[in-house]
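**Student:** Sequence unavailable; structure follows:
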């Protein structure tokens, strides 16, 4: 395990501009540097790198983090790999915290097992590819599907023969447990083994780094299941991977969109016709992890599903996964082909231009959402409209605050004969216990996309995140504004007044060195303010880790904590902000905090009536102290 102290020392010596500059062409833009975001397709630069705060942020897709996070997200490197790469670039050697012999042995075994599984998959892939050349039936099938040898080679297609133990000719030790763990063989109840994939065209599955992590196989004759994937393994999780994403990166950039289809054959067939921007889910519903990867690939996503009932159900599940990630600058659309066609058959029947025309006319997510809700209820009667609102509520509250959500809610309100204000009030109310029933459970709202590959905390529509509550977000007039759903990092809406907690947090993020100057009296002052919990947490974090800039604090914060969320959201406000005297600003803020605390004590004594001599004496002392503070 790499010590946290080393991480902080590394981030203090590494310049994020040099790290990002290896992959992104940056130009000067005021105090920061700008470039085209490497995490999503864009024409105007919204990707910002701060040399003073040492973090990057994309105002388009929300990608955000330190130099380490940039390498893990952009290159696909693991955290230890990114740290070692950065350390080597500045001449540092990565230390390892003392571990017991058992811990070292377990870690070594885990690394060896991962490497061993990679080798096994690569050996199997070489076998499958070679077998395809010797399988005339499989070659004839691919030719009937219109695939050329060049496309088959590009995707690494292979063939698993009918032999139950065909891989025994590849692996001399067929009983090796690693073959079972890699998902290539199956062990029967009687202990006997046989190949998982037989009589199937084989599709190798790669991760974002291009590493082979599993296989998909398709029968060429009648049988079930038609498609078969590798099982869940330490290398492969179908809910996290998209077939063809690695191969489609150039095509997605060229086409300006990513097309999501239902099967690997669709991906390969579309590539045969020159559409190289297709990816496919791997036999599972679209997940939020899929949406995160798709959003980083392009700001225009088109889902293509069959027009039958099963296709529309799959599209509805995909829509629900999309809702937490919708935004004004992202287009998500749905294409429903005729019931007797999938993308493969449609493009072969009508040609690539016809399919391109269909893509241009794909249904926007908002229309699909509203039309589908309307089709389920009789909107000509009050009962139907009320039921429609009931079903729509957990869907609408998933969407982040912003212009897109406002537009959708306004149109939905018209359909159910409500004013926008009436709908807003209904969405802000707590649902009655059990209101959603078992058929339509409420779906929690997730945080907006970022480069962080983890799931964010969810908050209900009526309860903003704890750190937002602590800041006491207010409108320009100063009145506390209710926060629905998630707080938005985008523009629009009322201007937010910065309360004391927000002011102090921003100062500490911009200048972590202030923590070292805190005296006992200031620490005690912070300790007695219940609304400054996150400020105290940030002081403790900066004191412990010794971070020297906002990027290092972001890396040190506990993932998915309130403090990590606050740091990420507030750090974007620091771009371009440099105070001439941060220490004076900090002292002034704490003085104002102390002045308010003393005034509150005076008010409490007055309200109690100054009933005894002790209260009156205390009141006089507080007045003198207040006068000194004001002076």
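**Tutor:** Nice, thanks for sending it over. Predicted model, so just to flag it, every value in this text is computed and none were measured.

**Student:** so where is the stretch 301-450 of the chain shaky, pLDDT-wise?
**Tutor:** 430-450 (pLDDT under 70).

**Student:** Helices of that one, residue ranges please.
**Tutor:** All helices of the stretch 301-450 of the chain, identified by DSSP state H, counting those that start in this stretch, fall at 309-322, 343-350, 352-360, 365-375, 382-396, 403-415, 420-428.

**Student:** Return the most buried member of the ones you listed.
**Tutor:** When the helices of the stretch 301-450 of the chain are scored by mean count of other Cβ atoms under 10 Å, the highest mean neighbour count falls to helix 343-350 (a mean of 19). Where you see a C-beta, it was placed from the backbone N, CA and C, and this is true even at glycine.

**Student:** and that helix, what does it pack onto?
**Tutor:** Under the contact definition 3 or more Cβ pairs under 8 Å, 6 or more residues apart in numbering; DSSP states H and E, helix 343-350 sits against helix 264-272, helix 352-360.

**Student:** Figure out how far the last one is from the centre of its chain.
**Tutor:** Distance of helix 352-360 from the chain centroid (Cα atoms, centre = their mean, to the nearest Å) equals 30 Å.

**Student:** before we move on, back to that, the helices of the stretch 301-450 of the chain into JSON lines, with extra columns for distance to residue 87?
**Tutor:** Converted to JSON lines, the helices of the stretch 301-450 of the chain look like this (distance: least, Cβ to Cβ, whole Å):
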{"stretch": "helix 309-322", "distance to residue 87": "38"}
{"stretch": "helix 343-350", "distance to residue 87": "46"}
{"stretch": "helix 352-360", "distance to residue 87": "46"}
{"stretch": "helix 365-375", "distance to residue 87": "44"}
{"stretch": "helix 382-396", "distance to residue 87": "46"}
{"stretch": "helix 403-415", "distance to residue 87": "42"}
{"stretch": "helix 420-428", "distance to residue 87": "49"}
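
**Student:** Strands of the stretch 151-300 of the chain, start to end?
**Tutor:** Taking DSSP state E, counting those that start in this stretch, the strands of the stretch 151-300 of the chain run over residues 158-160, 185-187, 193-195, 200-206, 212-219, 227-229, 258-261, 278-280, 300-306.

**Student:** How far away from the center of its chain is stretch 283-302?
**Tutor:** For stretch 283-302, the distance to the chain centre is 10 Å (Cα atoms, centre = their mean).

**Student:** er, stretch 11-19 actually
**Tutor:** Worked out by Cα atoms, centre = their mean, stretch 11-19 lies 24 Å from the chain centre.

**Student:** Report how many residues lie close to residue 130.
**Tutor:** 13 (other Cβ atoms under 10 Å).

**Student:** And for the one 10 residues further on?
**Tutor:** Residues within reach of residue 140, counting by other Cβ under 10 Å, total 11.

**Student:** how far away is it from residue 348?
**Tutor:** Residue 140 sits 17 Å away from residue 348, going by Cβ to Cβ, to the nearest Å.

**Student:** Likewise for residue 415?
**Tutor:** From residue 415 to residue 348 the distance is 39 Å (Cβ to Cβ).

**Student:** Please apply the same query to residue 220.
**Tutor:** Relative to residue 348, and taking Cβ to Cβ, residue 220 is found at 17 Å.

**Student:** ok, now residue 366?
**Tutor:** For residue 366, the distance to residue 348 - Cβ to Cβ - is 32 Å.

**Student:** Now for the closest residue to residue 253 other than its chain neighbours: which residues touch it?
**Tutor:** Nearest residue to residue 253, sequence neighbours excluded (Cβ to Cβ, 6 or more residues apart in numbering): residue 41, at 5.9 Å. Neighbour list for residue 41: 252, 253, 256, 297, 298, 299, 300 [criterion: Cβ atoms under 8 Å, 6 or more residues apart in numbering].

**Student:** Can you tell me which of the residues you listed is nearest residue 57?
**Tutor:** Nearest to residue 57 among the contacts of residue 41, counting by Cβ to Cβ, is residue 299 at 16.3 Å.

**Student:** wait, isn't that closest one in contact with residue 42?
**Tutor:** Yes. In terms of Cβ atoms under 8 Å, residue 299 counts as a neighbour of residue 42; the distance is 6.3 Å.

**Student:** anything in contact with each of those two?
**Tutor:** In terms of Cβ under 8 Å, 6+ apart, residue 299 and residue 42 are both contacted by the residues residue 60.

**Student:** Which one of those two is surrounded by more residues?
**Tutor:** More crowded of residue 299 and residue 42, by other Cβ under 10 Å: residue 299, with 22 against 18.

**Student:** Okay, the more buried one and residue 267: tell me how far apart.
**Tutor:** 21 Å.

**Student:** about what we covered before: of all the helices of the stretch 301-450 of the chain, which one comes closest to residue 511?
**Tutor:** Per Cβ to Cβ, nearest to residue 511 of the helices of the stretch 301-450 of the chain: helix 403-415, 34.0 Å.

**Student:** neighbouring contacts of the closest one?
**Tutor:** With contacts defined as Cβ under 8 Å, 6+ apart, helix 403-415 is touched by 326-328, 366, 369-370, 373-374, 379, 388, 392, 396, 399, 419-420, 422-424, 427, 485, 492.

**Student:** Great, nothing more from me.
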